[in-house]
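Peer 1: Sequence first, predicted model second:
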Amino acid sequence: MESAIAAETGSPGPTPRPSRIGGRRGAGAKIVGVIVSLLLLVGAGTACSKGKTEAQLAAEALAAGLRAHKAGNLQEAQADYREALVHDPQDKYAYYNLGLIAQTQGNRAAAELNYQAALGIDPNFVPALFNLAIVKASSQDRAGAVKLYRQVITVNPSYAAAHLNLGFLLLDLGHKKEGRAELAKAVQLDPSLAERIPPQATSTPKPEPQESPTSSAPTPTPTPTA
């Protein structure tokens, strides 16, 4: 069973509202993140001197890290998550939560490293894909962010936040039609997101009046003056 805790700039809280990111519209975007925990099923493992398996020790360290993380004790949480990885190097949740801490502290390089590690274990791990897209966009790698948001939507087509952020990125990149379609899809999935989209983002520009070739007056040729 998996439970999710939402964090906005590192503070645990209710489910966050997605925010615009990337370029002119998203320079000040809030980081949207999700602390994901898992109640691991303890199976057979190598018994240690304390009588616990590596899986049990990893689960205990991850749980301790989540408690510290929720309480805002980030240094303690980092130590616990790293301890979990000592006992289970394939724990994608420990890597993800280390990435989230780094991201909320503004350390984009460390955040990307840990998210990539989580995705190396599970390439379709949606929380890591989504947050890595935010990191890419904030680093001006918009093409990389677009690719990651598309992957999120492939795995979870009903993820409204991914449609919203992808829409804003596409608008910034000049793909107006596709960007508006993504914003419309985001609102369709979550109507509350409509208030986050400025009217000019979804409006179609009025066509400019054009002169017909036959009515266009010729440009006069300048004549020299004495």
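Peer 2: Yep, it's here.
Peer 1: hey, let's count contacts and neighbours off CA atoms from now on
Peer 2: Noted.
Peer 1: quick one, helices of the protein?
Peer 2: Taking DSSP state H as the test, the helices found in the chain are 23-26, 54-70, 74-87, 92-104, 108-121, 126-138, 142-155, 160-172, 176-189, 199-202.
Peer 1: Could you export the ones you listed as CSV, including mean pLDDT and mean neighbour count?
Peer 2: Output for the helices of the chain, formatted as CSV (pLDDT from 0 to 100; neighbours: other CA atoms under 10 Å):
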stretch, mean pLDDT, mean neighbour count
helix 23-26, 41, 16
helix 54-70, 96, 22
helix 74-87, 97, 20
helix 92-104, 97, 26
helix 108-121, 98, 20
helix 126-138, 97, 25
helix 142-155, 97, 19
helix 160-172, 96, 26
helix 176-189, 96, 19
helix 199-202, 77, 12
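Peer 1: In this model L132 seems to touch E112, though I could be wrong.
Peer 2: Yes - here E112 lies in contact with L132, judged by CA atoms under 8 Å, at a distance of 6.2 Å.
Peer 1: which residues do these two both contact?
Peer 2: Shared contacts of E112 and L132 (CA atoms under 8 Å, 6 or more residues apart in numbering): none.
Peer 1: Could you double-check that L132 sits in contact with A117?
Peer 2: No - using CA under 8 Å, L132 is not in contact with A117, being 11.2 Å away.
Peer 1: Nearest residue to A128 in space, please, no chain neighbours.
Peer 2: Take A128 and drop its neighbours on the chain: the residue closest to it by CA to CA, 6 or more residues apart in numbering is Y115, 5.4 Å away.
Peer 1: let me redo that: G167
Peer 2: G179 is the one closest to G167 (CA to CA, 6+ apart), at 4.1 Å.
Peer 1: what's the answer for V146, then?
Peer 2: L166 (6.1 Å).
Peer 1: cool, and A102?
Peer 2: Setting aside the residues directly before and after it, A102 is nearest to A111 in space (CA to CA, 6+ apart), at 4.9 Å.
Peer 1: Now do the contacts for that neighbour.
Peer 2: So A111 contacts 98-103, 132, 135 (CA under 8 Å, 6+ apart).
Peer 1: Turn those into JSON lines, columns for distance to Y159.
Peer 2: Formatted as JSON lines, the contacts of A111 follow (distance: CA to CA, whole Å):
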{"residue": "L98", "distance to Y159": "23"}
{"residue": "G99", "distance to Y159": "21"}
{"residue": "L100", "distance to Y159": "19"}
{"residue": "I101", "distance to Y159": "23"}
{"residue": "A102", "distance to Y159": "24"}
{"residue": "Q103", "distance to Y159": "21"}
{"residue": "L132", "distance to Y159": "15"}
{"residue": "V135", "distance to Y159": "18"}
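Peer 1: Which single one of the residues you listed is nearest to K185?
Peer 2: Here the nearest of these to K185, counting by CA to CA, is L132; it sits at 21.7 Å.
Peer 1: can you pull the contacts of that closest one?
Peer 2: 111-112, 115-116, 145, 148.
Peer 1: In a markdown table: the residues you listed, plus distance to V126.
Peer 2: Converted to a markdown table, the contacts of L132 look like this (distance: CA to CA, whole Å):
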| residue | distance to V126 |
| --- | --- |
| A111 | 15 |
| E112 | 14 |
| Y115 | 11 |
| Q116 | 12 |
| A145 | 13 |
| L148 | 10 |
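Peer 1: That'll do, ta.
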